[in-house]
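A.B. asks: No sequence on hand, only this structure:
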């Protein structure tokens, strides 16, 4: 009976150890799951942060590109304006030169016309003088 009692205590002790082992195993499993959840949460936060950083970086990159494109467009517009201004200036110079040439030609024509009139008047005067001299003879 003492043997039975020892066997019974031994079985109870073994059962108790099994329960303790099971309890420890469950606690370890729970801890492992908590650690996995925390690890997953950290990875998700990291991924979210990485994506946010990538988006912010992309936004900055797009902003920089837009600024660069805007500067290029302004430069292109400025160059186009300079080109048009140069073309207009050349046209104005050409027009001024044509006007000057026309004016000079008109002045030369008026001068020739005046000289012709003066010559005609002198010629008429000579004719009258010759006719007058002819009559006196």
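C.D. replies: Ah, there it is. Given the structure is predicted, the values throughout are model-derived calculations rather than measurements.

A.B. asks: contacting residues around the residue nearest the centre of the chain?
C.D. replies: Among the residues of the chain, the one closest to the centroid is residue 69, at 1.5 Å (C-alpha atoms, centre = their mean). By C-beta atoms under 8 Å, 6 or more residues apart in numbering, no residues touch residue 69. C-beta: built from backbone N, CA, C; applies to glycine.

A.B. asks: Now do it against residue 60, distance only.
C.D. replies: Residue 69 is 15 Å from residue 60, where distance means C-beta to C-beta, to the nearest Å.

A.B. asks: Likewise for residue 44?
C.D. replies: Taking C-beta to C-beta, one finds residue 44 at 24 Å from residue 60.

A.B. asks: And for residue 51?
C.D. replies: Distance from residue 51 to residue 60, by C-beta to C-beta: 15 Å.

A.B. asks: got it, and residue 134?
C.D. replies: Residue 134 is 108 Å from residue 60, by C-beta to C-beta.

A.B. asks: same thing with residue 129?
C.D. replies: 101 Å.

A.B. asks: try residue 89
C.D. replies: 42 Å.

A.B. asks: cool, residue 84 as well?
C.D. replies: 36 Å.

A.B. asks: next one: stretch 48-66 to chain centre, how far?
C.D. replies: 18 Å (C-alpha atoms, centre = their mean, to the nearest Å).

A.B. asks: typed the wrong thing, it's stretch 117-126
C.D. replies: For stretch 117-126, the distance to the chain centre is 77 Å (C-alpha atoms, centre = their mean).

A.B. asks: which of the residues in it are buried?
C.D. replies: Buried residues in stretch 117-126, counting neighbours by 16 or more other C-beta atoms under 10 Å, are absent.
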